[in-house]
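[1] sequence and predicted structure are below.
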Amino acid sequence: MPEPVPQAPLQRRTAAEAAFQALLALIASDEIEIGDRLPGEIQLAKTFGVSRAILREALGACATLGLIETRSGSGTFVRSKTEHPQLTFGGYSAEDLIEARPHIEIPAAGYAAERHTEEQLAGLRGYVARMRQTTDLRAWVRLDGQFHRAIAEASGNPVLVAMVISMRQALDPQSEFLNITKARQSASDEEHERIIDAIASGSPEAARAAVAHHIAQVAEALAG
């Protein structure tokens with residue numbers, strides 16, 4: 001199999017998103033056939049101008065889409081040139097997560113609108129401000145989880161807090177996947193801002209609607 005043609009280092013869109021797009025182009029190219037082994041991680045990372053950690057994030061997204069598979073001790077092989085996603089995160093299907101989230105996060109936001117403190121509201125704004133500033137995907141996902149946990153904490157209901165914490169074990173990898181494959185980061189930041197504004201207004205109806213919209217946008221991205 002021919003070696004990939006060297007190219008200029010990728011510009012950060014994020015870097016993981018750029019590496020993912022470069023991998024898609026390589027897999028779709030005539031240089032690669034189904035069953036071929038991809039170049040090693042070190043070589044691909046150098047070719048794409050990213051770190052091995054970022055390359056692994058992009059490889060993971062490709063594997064989730066059914067394009068590649070890694071065989072222990074042998075390398076990473078092209079499985080398909082057509083996406084066949086089996087979206088499972090933290091042991092749960094994407095469909096199950098989307099079905100469950102409205103029953104937990106929507107009421108939590110409604111209670112948060114009624115019960116939040118000014119300190120909790122400032123904390124929510126701080127999380128979103130830091131999310132907007134970071135270009136590190138893992139850091140953004142970590143802040144995203146903390147943001148949603150903080151909404152549950154503002155609800156004043158410890159059962160909802162525990163449920164949100166438990167769900168984040170699956171939702172964090174889902175969030176990472178969507179930010180790599182669908183460039184959801186900026187849209188999520190905007191949706192998070194609307195959720196904060198709705199909570200700050202003191203209207204449980206507005207808060208519930210803002211979270212419902214956010215979850216619907218995530219569901220649309222997963223289905224697209």
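    In hand now; what should we look at?
[2] so what strands line up beside the helix or strand bottoming out on mean pLDDT in the chain?
    Taking mean pLDDT, DSSP states H and E as the measure, the helix or strand of the chain with the lowest value is strand 88-89, at a mean of 83. Here strand 88-89 is paired, per DSSP bridges, with strand 92-93 (antiparallel).
[3] for this structure, which spans come out with low pLDDT?
    1-13, 85-86 (pLDDT under 70).
[4] nearest the geometric middle of it, what residue?
    In the chain, the centroid-proximal residue (CA atoms, centre = their mean) is residue 175; its distance is 2.0 Å.
[5] would you mind putting the CA coordinates of the longest helix that the chain contains into PDB?
    Using DSSP state H, we find that the single longest helix of the chain is helix 158-181. In PDB, the C-alpha atoms belonging to helix 158-181 read as follows (Å, rounded to 0.1, in the frame of the first residue of the first chain):
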ATOM      1  CA  PRO A 158     -29.900  15.000  45.400                       C
ATOM      2  CA  VAL A 159     -31.500  12.100  43.500                       C
ATOM      3  CA  LEU A 160     -31.400  14.100  40.300                       C
ATOM      4  CA  VAL A 161     -27.700  15.000  41.000                       C
ATOM      5  CA  ALA A 162     -26.800  11.300  41.400                       C
ATOM      6  CA  MET A 163     -28.600  10.400  38.200                       C
ATOM      7  CA  VAL A 164     -26.900  13.100  36.200                       C
ATOM      8  CA  ILE A 165     -23.500  12.000  37.600                       C
ATOM      9  CA  SER A 166     -24.200   8.400  36.600                       C
ATOM     10  CA  MET A 167     -25.300   9.400  33.100                       C
ATOM     11  CA  ARG A 168     -22.200  11.500  32.500                       C
ATOM     12  CA  GLN A 169     -20.100   8.300  32.300                       C
ATOM     13  CA  ALA A 170     -21.900   7.600  29.000                       C
ATOM     14  CA  LEU A 171     -22.600  11.200  28.000                       C
ATOM     15  CA  ASP A 172     -19.000  12.400  28.200                       C
ATOM     16  CA  PRO A 173     -17.800  10.000  25.400                       C
ATOM     17  CA  GLN A 174     -21.000  10.800  23.400                       C
ATOM     18  CA  SER A 175     -20.200  14.500  23.700                       C
ATOM     19  CA  GLU A 176     -16.600  13.900  22.600                       C
ATOM     20  CA  PHE A 177     -17.800  11.900  19.600                       C
ATOM     21  CA  LEU A 178     -20.300  14.600  18.500                       C
ATOM     22  CA  ASN A 179     -17.700  17.400  18.800                       C
ATOM     23  CA  ILE A 180     -15.300  15.500  16.600                       C
ATOM     24  CA  THR A 181     -17.700  14.300  14.000                       C
END
